[in-house]
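Engineer: When you get a sec, could you give me coordinates for this:
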Amino acid sequence: MNLFFIMGLSIFLCNKIYFDHFVKDFNFYVSVIYFSLIPFSILLMIPFFYNMHQPKNRLLNNIITYGSLISYSLYLLNSTVIIGFILNYLHLNPAFKFVLFWILNPCLSILMYKYVEQPFLKLRDKSV
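Structural biologist: From the prediction side, this is the model:
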């Protein structure tokens with residue numbers, strides 16, 4: 001494995017674990033360090049993902065391809081709708097919230113991609 005990938009993954013996981021278990025309020029760590037380390041850790045991992053070869057497993061290839069298609073919807077829904085409106089107002093077990101997040105996020109993103117993004121992409125293609 002690539003040294004940068006291992007460093008990026010380590011920074012990402014340590015930052016996430018620290019944030020989830022020790023940060024209780026919006027403070028300097030959250031406003032400056034957390035939101036700076038996450039992109040930096042992902043930046044370190046990009047060369048590893050860029051040099052990956054296409055998987056020979058067709059199912060895995062389709063999952064990766066479809067995931068890249070709905071990635072913008074995932075981005076839009078992740079912190080705004082799902083975390084901000086749904087999970088923050090539900091008083092549930094954190095483990096159940098985690099599972100609910102991983103169910104709602106892809107499902108709502110697929111719906112948003114199909115009924116919002118695709119019509120706009122078709123409209124764009126017609127006007128060109």
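Engineer: So for stretch 103-119, first residue to last residue, what's the gap.
Structural biologist: 24 Å (Cα to Cα, to the nearest Å).
Engineer: Could you list the buried residues of it?
Structural biologist: Neighbour counts over stretch 103-119 (16 or more other Cβ atoms under 10 Å) mark N105, P106, L108, S109, M112, Y113, E117 as buried. Placement of C-beta: from N, CA and C, glycine included.
Engineer: Please apply the same query to stretch 93-102.
Structural biologist: Judged by neighbour count (16+ other Cβ under 10 Å), stretch 93-102 contains these buried residues: K97, L100.
Engineer: Helix, strand or coil: sort out the residue nearest to V81 when sequence neighbours are not counted for me.
Structural biologist: In space, and not counting its chain neighbours, V81 is closest to L108: 6.9 Å by Cβ to Cβ, 6 or more residues apart in numbering. Secondary structure for L108, judged by DSSP: H, G, I helix; E, B strand; the rest coil, is helix.
Engineer: where's L108 relative to F96, distance?
Structural biologist: Applying Cβ to Cβ, to the nearest Å, the value for L108 to F96 is 17 Å.
Engineer: For the residue nearest to V81, give its distance to L77.
Structural biologist: From L108 to L77 the distance is 5 Å (Cβ to Cβ).
Engineer: lowest-pLDDT helix or strand in the protein?
Structural biologist: Using mean pLDDT, DSSP states H and E, the weakest-scoring helix or strand in the chain turns out to be helix 28, at a mean of 78.
Engineer: Residues touching the helix or strand following that one, excluding its own?
Structural biologist: Using DSSP states H and E, the helix or strand that follows helix 28 towards the C-terminus is helix 35-50. With contact meaning Cβ atoms under 8 Å, 6 or more residues apart in numbering, helix 35-50 is reached by M1, N2, F4, F5, M7, G8, L9, I11, F12, N15.
Engineer: any idea how far G84 is from H91?
Structural biologist: The separation that H91 has from G84, given Cβ to Cβ, amounts to 16 Å.
Engineer: same check, this time on S109
Structural biologist: 15 Å.
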